[in-house]
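Trainee: kindly generate the corresponding structure for this input.
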Amino acid sequence: MAHALAQPTFGTDDYLAWEATQPERHDYLCGEVFAMTGGTLRHNRATLRSTITLESHLQGSRCKVFSGDVKVAVDATTHWFYPDVVVTCSERDLADLDASAVREPVLVLEVLSPSTAAYDRGNKFLSLQKLPSLQEYALLDAVAPRLEVFRRNAAGRFEHYVFEGADDQAELTSIGWVGTVGTLLD
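Mentor: The predicted structure follows:
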């Protein structure tokens, strides 16, 4: 996430109407609009590989994987953002495949980059915790390589799991995936 745009704050409806006409993507947080910066080849490959891996794993299930151009609406009035990879199993989300956002994700995966890591670990994660549907929030570091998973426990709190190294066995229990961290990378 680069920076807030120099303009008056938007209401949600104004943001959604404006965003639909923009060539670039923009996150929305409490009235402020943030231009999404271009990614690196490494970031793009990790996003693509993660999407393909999870899509292959979920083939034939009721869950669907989306990446890049699909927003997550955390709170329809305060926070809309574009995750790198999102999985939803919600009939409500999947009822309209022409929609531009999901509201009940079970998994959000972000590929870390220097410009967005603090936001991904901070305000975005705090906001995502408000979604009752969210079971896991994953942060993939393509350079390290490392996968951090924040998993909701029975008490509703998120526990932190770290899978370090390309050959480390990792799991995303929200969708029943088990594989190496390197499987998510290129």
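Trainee: give the contact list for Val102.
Mentor: Going by C-beta atoms under 8 Å, 6 or more residues apart in numbering, Val102 touches 66, 70-73, 86, 88, 90, 93. Just so you know, the C-beta spots here come from the backbone N, C-alpha and C atoms, and that holds for glycine as well.
Trainee: what do you get if the cut-off is 7 Å, keeping everything else the same?
Mentor: When the contact criterion is C-beta atoms under 7 Å, 6 or more residues apart in numbering, the partners of Val102 are 66, 70, 72, 86, 88, 93.
Trainee: by neighbours, which of those residues wins?
Mentor: Val86 (27 neighbours; other C-beta atoms under 10 Å).
Trainee: tell me what it is bridged to.
Mentor: In this structure, Val86 has the following beta-bridge partners (DSSP bridges): Phe66, Val108.
Trainee: mind checking how far it is from Val70?
Mentor: According to C-beta to C-beta, to the nearest Å, Val86 stands 6 Å off from Val70.
Trainee: Asp14 now?
Mentor: Taken as C-beta to C-beta, the span from Asp14 to Val70 is 21 Å.
Trainee: check Thr77 too.
Mentor: Counting by C-beta to C-beta - Thr77 and Val70 are separated by 19 Å.
Trainee: circling back: which among the contacts of Val102 gets closest to Gly179?
Mentor: Closest approach between the contacts of Val102 and Gly179, by C-beta to C-beta: Val86, at 18.5 Å.
Trainee: correct me, but that closest one touches Val106?
Mentor: No. Between Val86 and Val106 there is no contact under C-beta atoms under 7 Å: 8.9 Å.
Trainee: name the residues of the longest helix seen in the chain that are buried.
Mentor: Ranked by residue count and defined by DSSP state H, the top helix of the chain is helix 41-58. Across helix 41-58, burial judged by 16 or more other C-beta atoms under 10 Å covers 43-44, 46-51, 53-55, 57-58.
Trainee: and stretch 178-185, by the same measure?
Mentor: For stretch 178-185, by 16+ other C-beta under 10 Å, it's 179-181, 183-185.
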